[in-house]
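Trainee: okay, structure incoming, though there's no sequence with it:
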């Protein structure tokens, strides 16, 4: 019926297709698992339940809210509508200042407490995270 | 057949990618405020430049008088270009120019005014850019002409000869 | 004055572009001899761009603030070195640099391709001119470096201090040499495809260009990550940040291309691979410029955001993509004969297998980088893709990749048998035992780790053996592969063995853990030309009683007024000790981070080695010819 070459070729194409599908599946699956969503304090308030997944919270550091101890830094992120308390132990970026934009990555303890594992820095003083701008815009 | 479909398919894929990038360009980081033309001026409370005092917007704007709210910053190059027009406008009798110092350093702003003179009646500070957002500003510089607590004209970008003449026409 | 000259030379250069196109088309049709006037015109074009670039440098040196670019990015108190490097540290200047390298490379190409046919040389020139003209329009329309401001400001706004750094001063030029070098590969491949010119000789000639841009790209990425390591103060060297990814993607494509061109040179096979990879290397470089410059990406490193610029690059980029797709589909004929089918055990098969792995890595990085953009457009949800995504998808596949990298070079072209089976198996067993031993002693019983360490050790030993037996057929390949194994090993052990302490201390306080005692002794102040520094003095005592003094700094720059922390790093061949401190406004506490990072320097050395292999290959070629 078919020559050996044709069969070989068919087999080869099948193999490539399979690998493509497999790698696409792998990539999509781990995308789903490792994506970090961005939320504003207001969006967190409106959550029906607190998720265990890692998220990013963005807003402004509330003026007068930073307090430092040996182990941790506590502060409040606000989007001028709702606030969220953040507890963080780790490196604080240079531009972390009261009244400036901030994005914290970590886990929600409940709707009012956020355990941050990382605070993202941006090397520009006038910078406001786009997420924060968008959140402010909704205000 | 197979050879024909592949190029078409790939071309379509690239078109889709192009489209998505194109869309992404428009909505992602460029911050576009509410586009509707708001006639009433937003009320705000802000700190006066180079002082600790705070002022309410209602204390600034009175009825029956023209105001020009000008958003500026020392780091903005076009602001320098429009400055001579502002100086000229500040000599007009029935117009008060209100400066909104946008995301700026006090020292830099002071230097800027010392160098180019100060056309502003009052300067309010907008350190984090939130007031500009409430005004629906697109960027710096931008100017709003106000009469009877209503925005009658909006100038996006630096004031040029054309818009300068129009402002003069309007406040006559 | 200088910027006026600069501006006019820019315009003149553009006119020369048009002249070149005109002459080339005429020459392409008429005669059979290459018109030497064209080389002269190309040289003139290059000179004008150089003049324009010099004009910009002079404006920076003399702090001519009537120039908007200078005003935005310079300041009189900046040291001279950073005034000069500030020229290409900003968007406008860096584009001028792009243009400079584009014109330089096409000029060199014309000089060095005399043995090629006239048609091919001219067509390459034409394709390159399309790119050059595109960039000219881009520079002049959307990002003119010579914009005039009036009234002239008395002082500039200054350069972001984080960019005031020797590594970052040379990072852009080197990276651009790599990026733009790929433009020559792009245009010549398109020309060769159109003329059906792809042959073994062509492969030999284009290989040099591939090597050159590959070396520069590798070095550029290296410098960027060394900078990130000591300047950003996170103690890492690769963050999978989109901006880093966009430089990695062309590198992956270019590395694959480098291997394919070898197959093409020896066996006239994989021509489609070569064409597609040449196209994608350059388009990925352009794509990188687009993503970084348009501000479409949400990255820590993007400095300029301008949607107009983004739109222009986007349209230009896709025009190039569609042009190359058109050429590929209509002109390309795969010359691989059917009888030329690969035997399963041969050098080319192993290269082909690794190509597929490389493509997979490329796809992972690409998807991870652009997925957030796609999702935001479609669902308007804002997300980011973190390092776990890349680690999970790339690390497991490194194992077979490394094995193929080890076995492949040992095979012969066309058809091969495994010689030296004994050696290969012995070394495999040795590496396996070694890695098991290490894993056991470190108490991290983890399957993937041991497999990965085995594979890396395997490559390490096999290439190391090549150096000793001196039986290498290909020294440059051995050096690069050895470097790669060293890189993987250093990264692995660096990851596994790093320790970190983060704490907040007041002056005079001591922080004690099992392993270390950190004593914050005092702070000192220092004044420099353009910043004030607060220097902390810390003594770190380890469990053996050795005391090390570390002095991290906080710098408060005057213009623009920005605080940066400078890490203090003590480096030796075994381990790096890394400390940063930071001060939060209105607080007595200093935020301290102390890290030990083993084998850090070997990461840099191994990457240097990888590019050294490329350099060796480049020199050897000249030697032989």
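Mentor: Received it, and whenever you're ready, just let me know what you need. Everything numeric here is computed off the predicted structure, so don't read it as measured data. Numbering: from 1, shown residues only, chains lettered A, B, ... in the order given.
Trainee: which residues of chain B fall in strands?
Mentor: B:45-47, B:54-56, B:66-72, B:95-102, B:122-126, B:142-147, B:150-156 (DSSP state E).
Trainee: the third one near chain A at all?
Mentor: No - contact of strand B:66-72 with chain A is not found when judged by C-beta under 8 Å from any C-beta of the partner chain; the minimum separation is 13.9 Å. Just so you know, the C-beta spots here come from the backbone N, C-alpha and C atoms, and that holds for glycine as well.
Trainee: contacts for that strand?
Mentor: B:60-61, B:79, B:86, B:89, B:94-102, B:120, B:126, B:132, B:135, B:137, B:140-147, B:167, B:170-171 (C-beta atoms under 8 Å, 6 or more residues apart in numbering or on different chains).
Trainee: I'd like to know which of those residues are buried.
Mentor: B:60-61, B:79, B:86, B:89, B:95-102, B:120, B:126, B:132, B:135, B:137, B:140-147, B:167, B:171 (16 or more other C-beta atoms under 10 Å in any protein chain shown).
Trainee: least reliable of the strands of chain B by average pLDDT, please.
Mentor: Mean pLDDT per stretch puts strand B:150-156 lowest among the strands of chain B, at a mean of 77.
Trainee: so which other helices or strands are in contact with that strand?
Mentor: The contact analysis (3 or more C-beta pairs under 8 Å, 6 or more residues apart in numbering or on different chains; DSSP states H and E) places strand B:150-156 against strand B:142-147, helix B:161-171.
Trainee: beta partners of the spatially most central residue of chain B?
Mentor: The centroid of chain B falls nearest to residue B:142 when counting by C-alpha atoms, centre = their mean (2.8 Å). Per DSSP bridges, the residues bridged to residue B:142 are residue B:71, residue B:156.
Trainee: so where's chain B shaky on pLDDT?
Mentor: B:1-3, B:26-40, B:129, B:133-134, B:136-139 (pLDDT under 70).
Trainee: what does the domain assignment say about it?
Mentor: The record's domain parsing of chain B by automatic domain parsing lists B:1-30, B:45-171.
Trainee: among those, show me which one is buried the most.
Mentor: domain B:45-171 (a mean of 18; mean count of other C-beta atoms under 10 Å in any protein chain shown).
Trainee: anything in whichever helix or strand residue A:76 is part of near chain B?
Mentor: Residue A:76 belongs to strand A:73-78 when assigned by DSSP states H and E. No - contact of strand A:73-78 with chain B is not found when judged by C-beta under 8 Å from any C-beta; the minimum separation is 11.4 Å.
Trainee: mean confidence for that strand?
Mentor: 87.
Trainee: I'd like to know which elements it is packed against.
Mentor: Packing contacts for strand A:73-78, counted by 3+ C-beta pairs under 8 Å, 6+ apart, involve strand A:55-61, strand A:67-68, strand A:83-88.
Trainee: return the most buried member of the ones you listed.
Mentor: Using mean count of other C-beta under 10 Å, the stretch among these with the largest mean neighbour count is strand A:55-61, at a mean of 24.
Trainee: what's around residue A:99, how many residues?
Mentor: 13 (other C-beta atoms under 10 Å in any protein chain shown).
Trainee: next one: stretch B:146-157 to chain centre, how far?
Mentor: 11 Å (C-alpha atoms, centre = their mean, to the nearest Å).
Trainee: just the endpoints, please. Distance across that stretch?
Mentor: 17 Å (C-alpha to C-alpha, to the nearest Å).
Trainee: cool, stretch A:36-45 as well?
Mentor: End residues of stretch A:36-45 are separated by 18 Å (C-alpha to C-alpha).
Trainee: next one: stretch B:98-112
Mentor: End-to-end for stretch B:98-112, by C-alpha to C-alpha: 16 Å.
Trainee: what is the one helix or strand residue C:208 maps to packed up against?
Mentor: Element membership for residue C:208 (DSSP H and E) is helix C:200-231. Applying 3+ C-beta pairs under 8 Å, 6+ apart, one finds that helix C:200-231 contacts helix C:166-194, helix C:242-267, helix C:600-624.
Trainee: would you mind getting the angle between that helix and helix C:166-194?
Mentor: 160 degrees (axes from the mean of the first three to the mean of the last three C-alpha atoms, to 10 degrees).
Trainee: just to revisit the earlier point, out of the strands of chain B, which is closest to residue A:70?
Mentor: Checking the strands of chain B against residue A:70 by C-beta to C-beta gives strand B:45-47 as the closest, at 34.7 Å.
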